[in-house]
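> The following block contains a protein sequence and its predicted model.
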Protein chains: 2
Amino acid sequence: MSVNKFLYLAEEEIHSILGKDYQIVIDSVEDALKMMYEGTTIQPDKSSQIFDEKYQNRINCMPATLKRENTCGMKWVSVFPENKKNGLPNVEGIIVLSETNTGGVKCVLNATELTSLRTAGVGALAVKYLARKEANTIGFIGAGEEAKAHFKLIKFMQKDIKKCFVSSRTKKSVDTFIEELAPMYSDVEFINCENDYESAICDADIIVTAISSQEPVLKARWIKPGTLYIHVAGIEDEFAVARMASKIVCDCWEAVKHRKQTIVQMYNAGELKEEDIYADIYEIICGDKEGRESEGEFIYFNSVGLAVEDILLANRIYEKALELGKGIWINK
Amino acid sequence: MSVNKFLYLAEEEIHSILGKDYQIVIDSVEDALKMMYEGTTIQPDKSSQIFDEKYQNRINCMPATLKRENTCGMKWVSVFPENKKNGLPNVEGIIVLSETNTGGVKCVLNATELTSLRTAGVGALAVKYLARKEANTIGFIGAGEEAKAHFKLIKFMQKDIKKCFVSSRTKKSVDTFIEELAPMYSDVEFINCENDYESAICDADIIVTAISSQEPVLKARWIKPGTLYIHVAGIEDEFAVARMASKIVCDCWEAVKHRKQTIVQMYNAGELKEEDIYADIYEIICGDKEGRESEGEFIYFNSVGLAVEDILLANRIYEKALELGKGIWINK
């Protein structure tokens, strides 16, 4: 590669590089968390520029450095919840990767699919460390892109999944979820729960809420013992859900704390203390703390998404693109 | 333009769009400062990731939003002071521009030349508001890219400049400065002062220090009354220089305060107080405060560089590229 060029990877190209090789996504997320734990990363605060208070239309800027990879990068990603009504993507953005030995830009990538995959990758890691070994049912509230990505990555991690309950505010998105995924997973029974959230949850070993509603749609009384709950978006569960958890685990509580998820609302209201957070998941990955310790535990997992995950995944896709000769070279 | 594409502008293309039309640079910088003053911008803190404590090799991430332009952008720029020894650029980076009505990326631009031009543009604005009307000599300590850009923009602003004194640590960079610029400016006498800084300064109406040294090379006793001093880089002047100033003006003191320039060293050492800062330049541009009020004043100008300037200039170059059909369209 020339110092006067950088590689550009469009969304389709990234899609063709990754295919269904979700291992690279899960490994990248896990390795990024390990690097954070070992202290070989720099991760400045994410900055959010909000253009619309009502709809929270915003662009986030998430820089990070991975010293062991000689790579510094930045994800620039929009979140426009109302875009869907106009047929536009809710999330769009790009990632820039630079070398830390010269400062030169080496790659620019589309960040859209990569964002939903890495988020789901963290969910899949939570399944690896926190779900019951024999978990074989999953229930969704929310059926959009993020929910689909979670199904794919979690099924990749937990091959035994045999039943998938899906619910959402609109029947149409549940139909689409099942139409898209059922043909790809013939060993899974998909159950259309329409907007009956309780039916989607009450028999699930793994629960995922990925819904842009800011309401507590998930009720504690629906959840059976031994479940893992993966909380993806903002506020989707009543306070009682976290209250009944045996363990609350975050990707990084220090980062979560500055966001607006349910447990942060509880923390700010004085209904949850720092010490109620059992662990950050990298403490479990790295063996400092136990993951699941008994069949009956209900474990609550909350992730916020970390720039180190984006940058390591992007860098591995870049390296794979070099190997495969994919992407277009652009003169600086 | 399609929602599935963005425009890429390489350095050469930007160069061909701008040519010597420095008006667009100066207007962009002035308008960006006005927008900041009127409160129609968002400008999160710049974040700096430092890879090498000794040489301060780093990448800066500078986001900003210009509400009136429906544009949100980010400059990603490396500063690797030691790169020159290996024949690599000291500064390299890219700018991303997104629309604030959809969140979509609309343009990516090379940021290298744009960075040095906008920095020099702020210097030229300082000349417009703070130099004596009849200033016709300029003296440089430092003769690199930033010094050259300052000469070009200041000469564009102050047509009367007739004499240019140039000094630097190395004879070679002074020679190069003069070889490059003398043929373009036949009405200017260039005087090679080699590394004799005093000779470069003592007869100058406008002084520019743009040198990566972290030493106080500029001495107060060399400066004559009525001068404007433009401080570009880190620490290039002794404390006595700021002490003898009639007015100290910044681009934005709130931003300067968190950096490491001379006046910040003085501030941190308790040798300069907030109230010793006369004004931010946008207060002068917008008429809240007077600029130069007498022939004899020695005015000290310190800029730090603001993301709003980069983003507005980049957006105007993007609009000009659309008009001229320049750049390449890239599928997202």
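Nice, thanks for sending it over.
> Please confirm that A:M62 is located within a strand.
Yes - assessed with DSSP: H, G, I helix; E, B strand; the rest coil, A:M62 lies in a strand.
> buried ones in the helix or strand containing A:D310?
Following DSSP states H and E, the helix or strand that holds A:D310 is helix A:307-324. The neighbour-count check on helix A:307-324 (16 or more other Cβ atoms under 10 Å in any protein chain shown) flags A:307-318, A:320-321 as buried. The C-beta positions use only the backbone N, C-alpha and C, and glycine is treated the same way.
> How about stretch A:171-179?
For stretch A:171-179, using 16+ other Cβ under 10 Å, the buried residues are A:S173, A:V174, A:T176, A:F177, A:I178.
> In CSV: the residues you listed, plus distance to A:E53 and pLDDT.
Shown next, in CSV, are the buried residues of stretch A:171-179 (distance: Cβ to Cβ, whole Å; pLDDT from 0 to 100):
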residue, distance to A:E53, pLDDT
A:S173, 26, 93
A:V174, 31, 97
A:T176, 30, 97
A:F177, 31, 98
A:I178, 36, 98
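> Give me the contacts around stretch A:138-147.
A:90-91, A:116, A:119-120, A:150-151, A:154-155, A:161, A:163-168, A:173-174, A:176-177, A:193, A:197, A:200-212, A:217-218, A:232-233, A:236 (Cβ atoms under 8 Å, 6 or more residues apart in numbering or on different chains).
> what's the spacing between the closest residue to A:I24 other than its chain neighbours and chain B?
Closest residue to A:I24 apart from its sequence neighbours, by Cβ to Cβ, 6 or more residues apart in numbering or on different chains: A:R316 at 5.8 Å. From A:R316 across to chain B, the span is 20 Å (Cβ to the nearest Cβ, to the nearest Å).
> Surely A:R316 and A:I26 touch.
No - the criterion here is Cβ atoms under 8 Å, and A:R316 misses it with A:I26 at 11.4 Å.
> picking that back up, drop anything exposed from the contacts of stretch A:138-147.
Using 16+ other Cβ under 10 Å as the burial test, the contacts of stretch A:138-147 include A:90-91, A:116, A:119-120, A:150-151, A:154-155, A:161, A:164-168, A:173-174, A:176-177, A:193, A:197, A:200-202, A:204-212, A:217-218, A:232-233, A:236 as buried.
> So which of the residues you listed belong to helices?
A:116, A:119-120, A:150-151, A:154-155, A:173-174, A:176-177, A:197, A:200-201 (DSSP state H).
> Could I get the contacting residues of A:Q265?
Counting by Cβ under 8 Å, 6+ apart, A:Q265 has contacts A:I235, A:F239.
> Are we agreed that it is in a strand?
No - read with three-state DSSP, A:Q265 is helix and lies in no strand.
> Distance check, it against chain B.
Distance from A:Q265 to chain B, counting by Cβ to the nearest Cβ: 24 Å.
> swap in A:N70?
9 Å.
> With A:E189 instead?
Distance from A:E189 to chain B, by Cβ to the nearest Cβ: 36 Å.
> quick one: A:K84 is in a helix?
Yes - when three-state DSSP is applied, A:K84 is found to be in a helix.
> That one - how many residues pack around it?
14 (other Cβ atoms under 10 Å in any protein chain shown).
> Next, A:S48: secondary structure please.
A:S48 is classified as strand under three-state DSSP.
> any low-confidence regions in the stretch 1-150 of chain A?
A:1-2 (pLDDT under 70).
> May I have the residues that are in contact with the residue most central in space within chain A?
For chain A, the residue whose C-alpha lies nearest the mean C-alpha position (Cα atoms, centre = their mean) is A:T119; its distance is 1.5 Å. By Cβ under 8 Å, 6+ apart, A:T119 lies in contact with A:E146, A:A149, A:H150, A:V232, A:S303, A:G305.
> what sits against the fourth one?
Neighbouring residues of A:V232 by Cβ under 8 Å, 6+ apart: A:T119, A:G123, A:G142, A:E146, A:A147, A:H150, A:V208, A:T209, A:A210, A:S303.
> for chain B, what are the nearby residues on the stretch 51-200 of chain A?
A:51, A:57, A:59, A:61, A:63, A:65, A:67, A:72, A:74, A:76, A:78-80, A:83, A:86, A:88, A:92-94, A:96, A:98, A:100, A:102-105, A:108, A:110, A:112 (Cβ under 8 Å from any Cβ of the partner chain).
> Give me the subset of those that lies in strands.
Of these, the ones assigned to strands by DSSP state E are A:51, A:57, A:59, A:61, A:63, A:65, A:72, A:74, A:76, A:78-79, A:92-94, A:96, A:98, A:105, A:108, A:110.
> And the average pLDDT for stretch A:196-209 is what?
Average pLDDT, stretch A:196-209: 97.
> what's across from A:D280 in the sheet?
Assessed by DSSP bridges, A:D280 has beta-bridge partners A:C250.
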